[in-house]
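Peer 1: Fold the following.
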Amino acid sequence: MLDLSTVEMVDGGGLGLLVFLHKWTRAAGIQLKLVNPCRLALAMLIRTGLASVLHVSSIDDVVEIFCNSELCDLERDSSSRILLDQSQRQINAGGPASRCPALRS
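Peer 2: Have a look, this model is predicted:
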């Protein structure tokens, strides 16, 4: 999972790095998910056709995936702890993660 929420723009170098990460994770049997890109970054991914190749999700999608899976023990790995930290901030702010019972504990 790669959080793009603070990335304001993506140039050719950034797009190349995303393609490299996609190929590298796929070769390792891992699915790379780009989470919460800003409007300009998402527009660049769409214009270049990479949005159809890379897995792009909103934070709402990611929270829903975790809440509907059996991964309720979010302390298993560092990726989950990062998501838990982000989700906890959203819970405190009344964001979409506040609807997930598994994250409220």
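Peer 1: Residue ranges of each domain in this structure, please.
Peer 2: By the assignment in automatic domain parsing, the chain contains the domains 1-57, 58-105.
Peer 1: and the first one, average pLDDT?
Peer 2: So that's domain 1-57. Across domain 1-57, the average pLDDT comes to 90.
Peer 1: Quick check: phi and psi on the residue nearest to M44 when sequence neighbours are not counted?
Peer 2: The spatially closest residue to M44, leaving aside those adjacent along the chain, is V10, at 4.8 Å (C-beta to C-beta, 6 or more residues apart in numbering). Glycine gets a C-beta too; all of them are placed from N, C-alpha and C. Per-residue torsions, V10: phi -120, psi 120 (degrees, to the nearest 10).
Peer 1: who's in contact with V10?
Peer 2: Applying C-beta atoms under 8 Å, 6 or more residues apart in numbering, one finds that V10 lies in contact with L18, L40, A41, M44, L45.
Peer 1: Using TSV, please lay out the residues you listed together with distance to Q31.
Peer 2: Below are the contacts of V10 laid out as TSV (distance: C-beta to C-beta, whole Å):
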residue	distance to Q31
L18	14
L40	25
A41	19
M44	21
L45	16
